[in-house]
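Visitor: Okay, here's the prediction I keep looking at, along with the sequence it came from:
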Amino acid sequence: MKNYELVVHPAEDGASMRKAEVVGCLDSHTVVGFERELQSVVDSGANVVVLDLESLSYISSAGISALMGLTHRLRKSEGELYLLRPTEKVRRVFRTLGFTTIFRIVDEEAEVSSAQGK
Amino acid sequence: MTKPPPDAPRQEFIDLELRAPVKTGVLNPLRTFIATLARQCGFEEAEVEQIEMAVDEACANVVRHAYKHLGVSCDLPEEHQSKDCEVRSSCLLRVRVEISEEALRVTIVDSGIGVQDRHSGVESIEEYQQRGGTGGLGIYIIKKFMDEVEYEATPDSGTIVTMTKFLRPAPGTANK
């Protein structure tokens, strides 16, 4: 498995929602690139971001802080960050530390459309 | 981990130490190293993950903060990074792992700035949120995931972080 990769799906015309998949680890080594790439997604006009965490094998406090920062920025513009299908390992970290009540974690993409009132 | 019953073969005492350069690129192999050891001595997977994450956070703190005053830190922009090979090669991270029948103990040692303040993590996730989600989470994770954590910081001489995860007694063998 690669140490880290962010696969950003192409934007649909006029859509404010973007989807991306994180592959590998989010730690102090990879987080700088992750933040930079996600910021460019937000700068392109997205205020709803769906981040697929199905292939995220590890997250450290640096990765969590990056997700917190993005969550804050999107909520300021009445948007949201959705974390889609985190692995059991990552979910356990969120649950043990108390982040399941802070992040919007969803198991199906349909939940995003539903939450966005579409 | 479940502590073996008294009649089980004794766990051999293991004492390992490795040295790594102060680079974020060493974090992934260090995690693999510590998780492998924790798994081999029988910790449950959730405990292995906690040990792995606690050690990663302590090592990341060294990489980010310990040698920043010398221009060696992933947090510094390129123009502020030391180009002195001698300085860079003297900035080391040492990880010692001791495994006994009772516990797994990891000691992270640096010879950096040794400032006590950088070890003040948040006390809760609420406090972390109030701080705007920046800083202090790593120390919180270390304290939450390990059974014992000790810091020994000496100004200009470095920091020693010792963290221990105890083995739980096997069912029916615990002292009452």
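Guide: That came through, no problem.

Visitor: Strands of the chain, start to end?
Guide: Assuming you mean chain A. Taking DSSP state E to define them, one finds strands in chain A at A:4-8, A:17-26, A:48-59, A:80-84, A:104-106.

Visitor: Hmm, no, I was thinking of chain B.
Guide: B:2-3, B:14-21, B:92-99, B:103-110, B:148-154, B:158-166, B:168-169.

Visitor: Get me the contact residues on chain B for chain A.
Guide: B:24-25, B:27-28, B:31, B:46, B:49-50, B:52-53, B:56-57, B:60, B:63-64, B:74, B:125, B:129, B:132-134, B:137-138, B:140-141, B:144-145 (Cβ under 8 Å from any Cβ of the partner chain). In short, each C-beta sits where N, CA and C put it, glycine included.

Visitor: Nearest residue to the middle of chain A?
Guide: Nearest residue to the geometric centre of chain A (Cα atoms, centre = their mean): A:L51, 3.4 Å.

Visitor: and that residue, what is it in contact with?
Guide: The neighbours of A:L51, taking Cβ atoms under 8 Å, 6 or more residues apart in numbering or on different chains as the test, are A:19-22, A:67, A:81-84.

Visitor: try it again with 10 Å
Guide: A:6, A:18-22, A:34, A:38, A:41, A:67, A:70, A:81-86, A:103 (Cβ atoms under 10 Å, 6 or more residues apart in numbering or on different chains).

Visitor: repeat for A:A11
Guide: Here A:A11 is in contact with A:17-19, A:41, A:44-46 (Cβ under 10 Å, 6+ apart).

Visitor: Columns mean pLDDT and mean neighbour count on top of the strands of chain B, output as JSON lines?
Guide: Shown next, in JSON lines, are the strands of chain B (pLDDT from 0 to 100; neighbours: other Cβ atoms under 10 Å in any protein chain shown):
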{"stretch": "strand B:2-3", "mean pLDDT": "58", "mean neighbour count": "16"}
{"stretch": "strand B:14-21", "mean pLDDT": "94", "mean neighbour count": "12"}
{"stretch": "strand B:92-99", "mean pLDDT": "96", "mean neighbour count": "19"}
{"stretch": "strand B:103-110", "mean pLDDT": "96", "mean neighbour count": "21"}
{"stretch": "strand B:148-154", "mean pLDDT": "93", "mean neighbour count": "15"}
{"stretch": "strand B:158-166", "mean pLDDT": "96", "mean neighbour count": "20"}
{"stretch": "strand B:168-169", "mean pLDDT": "71", "mean neighbour count": "14"}
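
Visitor: Keep the contacts of A:A11, but drop any that are not near chain B.
Guide: Checked against chain B using Cβ under 10 Å from any Cβ of the partner chain, these give no members in range.

Visitor: in those, which two residues are the furthest apart from each other?
Guide: Greatest spacing in the contacts of A:A11, by Cβ to Cβ: A:K19 and A:G45 (14.2 Å).

Visitor: more neighbours, the two?
Guide: A:K19 (22 against 11; other Cβ atoms under 10 Å in any protein chain shown).

Visitor: Just confirm the more buried one contacts A:L53, I think it does.
Guide: No - in this structure, A:K19 is not within contact of A:L53 by Cβ atoms under 10 Å, at 11.8 Å.

Visitor: shared neighbours of these two, which are they?
Guide: A:L84.

Visitor: circling back: drop anything exposed from the contacts of A:A11.
Guide: Among the contacts of A:A11, those buried by neighbour count (16 or more other Cβ atoms under 10 Å in any protein chain shown) are A:17-19, A:41, A:46.

Visitor: re the thing from before, can you tell me who the residue nearest to the centre of chain A pairs with across the strands?
Guide: Per DSSP bridges, the residues bridged to A:L51 are A:A20, A:L83.

Visitor: So what does the residue nearest to B:Y67 when sequence neighbours are not counted look like in phi/psi?
Guide: Using Cβ to Cβ, 6 or more residues apart in numbering or on different chains and skipping residues adjacent in sequence, the residue nearest B:Y67 is B:C91, 4.3 Å away. Backbone dihedrals for B:C91, given as degrees, to the nearest 10, come out at phi -90, psi 100.

Visitor: where does chain A come near chain B, residue by residue?
Guide: Close to chain B, as judged by Cβ under 10 Å from any Cβ, chain A has residues A:3-4, A:24-25, A:27-32, A:58-62, A:64-72, A:88-90, A:92-93, A:96-99, A:101-102.
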